[in-house]
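Asker: Following is a predicted model, sequence given first.
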Amino acid sequence: MILIIDMTWKNDSLAFDEFVLPIVSVVKPLEKCAIKHFLEVNPQLLSECSKIILSGTALKDHATLRQVDKFSWVKTFDNPILGICAGIQTIASVFGESLTPCLQIGMEEIATQKANPLFKGHFKAYALHNFSVEAPTNFEVLARSAKCIEALKHKQKNIYGVLFNPEVRNQTILENFVQSS
């Protein structure tokens, strides 16, 4: 089962429809999935997951960045994780990485920097974020835009992150994550 984690500021927020349901619409036809708010995640639930996807949030929603301690499980989870937007910002923060201001709203040209199983080449993606990760030490940079780092992979673990929102325009990235081993 794939766990999709709602990263919005509160359970059942209006942002759920914008940031979580589009991910579910891509994942559900491919594999069984469950949806939980980040405050509902517990060890029993984590033990049942083959993969985890952390959703994005609205521009002014920084609830997860103020509660990074709720994500300490990321360091010990052994299966693949994909963080989208706020998801990768939160994951990076868990590993002690610094965030840097990088406001992007709309379509961005993304350039792949390193081969990976999620995407390749140059492509346009929809971005909606305030921060990027600054010069990571625990992660490899997979892609950049003209303004900031757009995708990462943890150096030792199967943890990926994209700053842009693949559920909006690049659903094949989600499909590739679900179908990768």
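Answerer: Here it is on my side, so go on. Just so you know, these numbers come straight off a predicted model, no measurement behind them.
Asker: Report whether Ala146 is found in a helix, as I expect.
Answerer: No. Counting by DSSP: H, G, I helix; E, B strand; the rest coil, Ala146 falls outside a helix, being coil.
Asker: give me phi/psi at Phe16?
Answerer: Phe16 adopts backbone torsions of phi -50, psi -40, taken as degrees, to the nearest 10.
Asker: ok, it - contacts?
Answerer: Residues near Phe16 by C-beta atoms under 8 Å, 6 or more residues apart in numbering: Asp6, Thr8. Quick note: C-beta positions are derived from backbone N, CA and C, even for glycine.
Asker: do you know how far it is from Trp9?
Answerer: When distance is defined by C-beta to C-beta, to the nearest Å, Phe16 is 10 Å away from Trp9.
Asker: now swap in Ile173 and tell me
Answerer: Distance from Ile173 to Trp9, counting by C-beta to C-beta: 25 Å.
Asker: Likewise for Thr100?
Answerer: Taking C-beta to C-beta as the measure, Thr100 falls 22 Å from Trp9.
Asker: So for these two, which sits in the more crowded spot?
Answerer: Trp9 (18 against 12; other C-beta atoms under 10 Å).
Asker: which stretches of this structure have low pLDDT?
Answerer: Low-confidence segments of the chain (pLDDT under 70): 181.
Asker: need the helices for it, in chain order.
Answerer: Applying DSSP state H to the chain gives helices spanning 15-19, 21-27, 43-47, 86-94, 171-179.
Asker: mind listing the strands for the chain?
Answerer: Counting by DSSP state E, one finds strands in the chain at the ranges 2-6, 33-37, 51-54, 81-84, 98-112, 122-134, 139-144, 149-154, 159-162.
Asker: partners of the third one in the sheet?
Answerer: What that stands for is strand 51-54. strand 2-6 (parallel), strand 81-84 (parallel) (DSSP bridges).
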